[in-house]
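Chemist: need the 3D shape of this:
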Amino acid sequence: MRNKHKQVTDKGGFNNRLFKIKIAAAVIVGKTLIAATRILGRGGTTLPGRTAQKIEPGLVSKLAHETGKGSLVVTGTNGKTTTAALITSIMKEFGSSYVHNQSGSNMSWGVATAFVEAASLSGNISTDYAVMEVDEGAFPGVVNNLKPGVIIVTNIFRDQLDRYGEIDRIQNTIRQGLEAQPAGGFQIINADDPSLVALAGSENHCRLTYGIDIELPVDHIQDSVKDLKICPQCFNELAYKRIYYAHIGHFYCSNCGYSRPEPDIKLTGYEENRTGSSRLEVQYPGGLLKFNCPLLGRYNLYNILAAISCAFALDIPAKTIICALEKATPSFGRMEQFTYKNKKVVIALIKNPVGANEVLRTVLNREGDLSLMVAINDKIADGTDVSWLWDVDFEQLSSRDIQLSAVISSGLRAWDMAVRFKYAGIMPDLIDINKNTEKALQSALAKTASGGTLFILPSYTAMLEIRRHLNRMGLGKPYWEDK
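Modeler: Numbering: from 1, shown residues only. The predicted model follows:
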């Protein structure tokens, strides 16, 4: 890292013989459970980590301490999985080794499972880095365990109100995690999010900011989900010189002067084609990166900037960063693309209004025949409150001049989603309702025209179900094989 900072954990507890035995036992049991759950097709990200931590609560701290160059944590409401995946792609291009919870299981047990899988049977680990995406709620605890040298915070939006409450509660939780980071580490913050900039950095940490410095093409998605409408310092209404989506943009307060800082790393050039790939120019202190990026979705611009900022904090050369980003592929369930019988299939996770609107931007920008499948579950991992669906601008599906071959509503809340489609103005005879995600997927594929595109927008657990169905069809493979 640029300040050559290396996190050091007290080794005293790690040298105890009984402790070592318990660590080895935790790893062996955890690996056994990973193998068993994957044989059953369950993925194996929760039970192994939970069990291993019960056997030895100090497991994660010990294994994180053994990484050669320290740990990195990515948190925030949206973009964690893609940002972490981009960072590991850059590390791989640079020749660095890492342990990473690439499945997107980002609670403490998901982090533990990733370490268990990477460890030897004796309970040791030998990688350069640990790169972990972490749920906002779990963030302070994971920071205490990992002692990360780098923290990346992507954004803060309303998400799973049944778990988090309103945005100020998420903000306070992230503040606690930042304060728990050991002195000397990097904190990489989205300069275009007023709720993050308000989390004043400590003089004991190095802060890097990133943002967009250009006008983006205007579209028709309604930016009604503006979570932070008032200045976090004086509580007057914020104003914007530019707004990119939701409350993300060039903000300022005319009352107290609170405003967007000048980013250290910023997007200064952007050209998008109809396939979704784009030509980017990114300015950083001392130079300019120019490269083509194949990732779909305008919202990925921020994920790319966050990954670039992290790479520079780690002293990775610009040439390496460009090579990695030009070869970037979508992470698990995040704008993944498949081909089935001359039909394109795109699967994109949705879990809150802002993220769903950003996915709709990509859908509406696609040419040709389109079919849409939305699968919503309300399990704990999805969030049991699905009222957020009414804040998504589904109305654009009926008001825009696009060709929808079919609209399929699926998942445990299929009927709720169908009602939302009805009030969005979609003709009822176009809507097919099937709570069974496998049958709904088959119906959606059958109704998609040859040469057309099927967009699948699932909640988290519905995404896991649909990915298993696609895997059985020979489309893609489980995340633990996709390395």
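
Chemist: any stretches of the stretch 1-150 of the chain with poor pLDDT?
Modeler: The stretch 1-150 of the chain contains residues with pLDDT under 70 at 1-15, 41-44.

Chemist: can you give me the helices for it?
Modeler: Shown for the stretch 1-150 of the chain, the helices assigned by DSSP state H, counting those that start in this stretch span residues 17-39, 47-55, 59-65, 80-94, 108-118, 139-146.

Chemist: want to throw these into TSV with mean neighbour count and distance to V346?
Modeler: C-beta coordinates here come from the backbone N, C-alpha and C atoms, glycine included. Output for those, formatted as TSV (neighbours: other Cβ atoms under 10 Å; distance: least, Cβ to Cβ, whole Å):
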stretch	mean neighbour count	distance to V346
helix 17-39	17	26
helix 47-55	21	30
helix 59-65	24	35
helix 80-94	24	15
helix 108-118	25	25
helix 139-146	23	30
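
Chemist: need the ones you listed in CSV (columns: distance to Q187).
Modeler: Shown next, in CSV, are the helices of the stretch 1-150 of the chain (distance: least, Cβ to Cβ, whole Å):
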stretch, distance to Q187
helix 17-39, 30
helix 47-55, 26
helix 59-65, 18
helix 80-94, 14
helix 108-118, 19
helix 139-146, 11
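
Chemist: out of these, nearest to A198?
Modeler: A198 sits nearest to helix 139-146 of all those, at 16.6 Å, using Cβ to Cβ.

Chemist: can you show me the strands along the stretch 151-300 of the chain?
Modeler: 186-190, 206-212, 239-245, 248-252, 265-272, 278-284, 287-293 (DSSP state E, counting those that start in this stretch).

Chemist: those strands: lowest mean pLDDT?
Modeler: Note on the strands of the stretch 151-300 of the chain: lowest mean pLDDT is at strand 239-245, with a mean of 88.

Chemist: which positions within that one qualify as buried?
Modeler: Residues I243, Y244, Y245 are the ones in strand 239-245 that count as buried (16 or more other Cβ atoms under 10 Å).

Chemist: go on, stretch 315-324?
Modeler: I316, A318, T320, I321, I322, A324.

Chemist: what does it contact?
Modeler: For stretch 315-324, contacts defined as Cβ atoms under 8 Å, 6 or more residues apart in numbering pick out 1-2, 86, 89-94, 284, 287, 289-291, 308, 311-312.

Chemist: picking up where we left off before, wait, which of the strands of the stretch 151-300 of the chain is closest to L457?
Modeler: Among these, strand 239-245 comes nearest to L457, with 16.9 Å by Cβ to Cβ.

Chemist: can you list the strands that the closest one pairs with?
Modeler: Note on strand 239-245: by DSSP bridges, its sheet partners are strand 248-252 (antiparallel).

Chemist: residues making contact with the strand it pairs with?
Modeler: The contact list for strand 248-252 (Cβ under 8 Å, 6+ apart) reads 155, 190, 192-194, 238-243, 258-260, 302.

Chemist: now the helices for the stretch 301-450 of the chain?
Modeler: 318-326, 353-364, 396-399, 414-423, 437-447.

Chemist: pick the most buried one from those helices.
Modeler: helix 353-364 (a mean of 22; mean count of other Cβ atoms under 10 Å).

Chemist: between it and strand 248-252, how many degrees?
Modeler: Helix 353-364 and strand 248-252 meet at an angle of 120 degrees, taking axes from the mean of the first three to the mean of the last three Cα atoms, to 10 degrees as the criterion.

Chemist: CA atoms only: put helix 353-364 into PDB for me.
Modeler: Only the C-alpha atoms of helix 353-364 are listed here, as PDB (Å, rounded to 0.1, in the frame of the first residue of the first chain):
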ATOM      1  CA  PRO A 353     -35.500   1.000  -5.800                       C
ATOM      2  CA  VAL A 354     -32.200   2.700  -6.900                       C
ATOM      3  CA  GLY A 355     -30.600  -0.500  -8.100                       C
ATOM      4  CA  ALA A 356     -33.700  -1.600  -9.900                       C
ATOM      5  CA  ASN A 357     -34.100   1.700 -11.700                       C
ATOM      6  CA  GLU A 358     -30.400   1.500 -12.800                       C
ATOM      7  CA  VAL A 359     -31.100  -2.000 -14.200                       C
ATOM      8  CA  LEU A 360     -34.200  -0.700 -16.000                       C
ATOM      9  CA  ARG A 361     -32.000   2.000 -17.600                       C
ATOM     10  CA  THR A 362     -30.000  -0.800 -19.300                       C
ATOM     11  CA  VAL A 363     -33.200  -2.700 -20.300                       C
ATOM     12  CA  LEU A 364     -34.700   0.300 -21.900                       C
END
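
Chemist: helices or strands next to that helix in the packing?
Modeler: Contacts defined by 3 or more Cβ pairs under 8 Å, 6 or more residues apart in numbering; DSSP states H and E place helix 353-364 against strand 239-245, helix 396-399, strand 453-458.

Chemist: of all those, which lies closest to I39?
Modeler: Checking these against I39 by Cβ to Cβ gives strand 453-458 as the closest, at 24.3 Å.

Chemist: buried ones in that closest one?
Modeler: T453, L454, F455, I456, L457, P458.

Chemist: circling back to that earlier point, between the helices of the stretch 1-150 of the chain, which gets nearest to L296?
Modeler: Once the helices of the stretch 1-150 of the chain are compared by Cβ to Cβ, helix 80-94 is nearest, at 10.7 Å.

Chemist: ok and that closest one relative to strand 287-293, angle-wise?
Modeler: Orientation check (the same axes, to 10 degrees): helix 80-94 against strand 287-293 gives 110 degrees.

Chemist: so which elements touch helix 80-94?
Modeler: strand 71-75, strand 98-100, strand 129-133, helix 300-313, helix 318-326.

Chemist: in CSV, could you pull the C-alpha coordinates for it?
Modeler: What follows is helix 80-94 as a C-alpha-only set of coordinates in CSV (Å, rounded to 0.1, in the frame of the first residue of the first chain):
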residue,chain,number,x,y,z
LYS,A,80,-20.2,-4.2,-3.5
THR,A,81,-20.0,-7.5,-5.4
THR,A,82,-19.0,-5.9,-8.7
THR,A,83,-16.4,-3.6,-7.1
ALA,A,84,-14.8,-6.4,-5.2
ALA,A,85,-14.7,-8.6,-8.3
LEU,A,86,-13.1,-5.8,-10.3
ILE,A,87,-10.4,-5.4,-7.6
THR,A,88,-9.6,-9.1,-7.6
SER,A,89,-9.4,-9.0,-11.4
ILE,A,90,-6.8,-6.3,-11.2
MET,A,91,-4.9,-8.2,-8.5
LYS,A,92,-5.0,-11.3,-10.6
GLU,A,93,-3.6,-9.4,-13.6
PHE,A,94,-0.8,-8.1,-11.3
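
Chemist: perfect, I'm done here.
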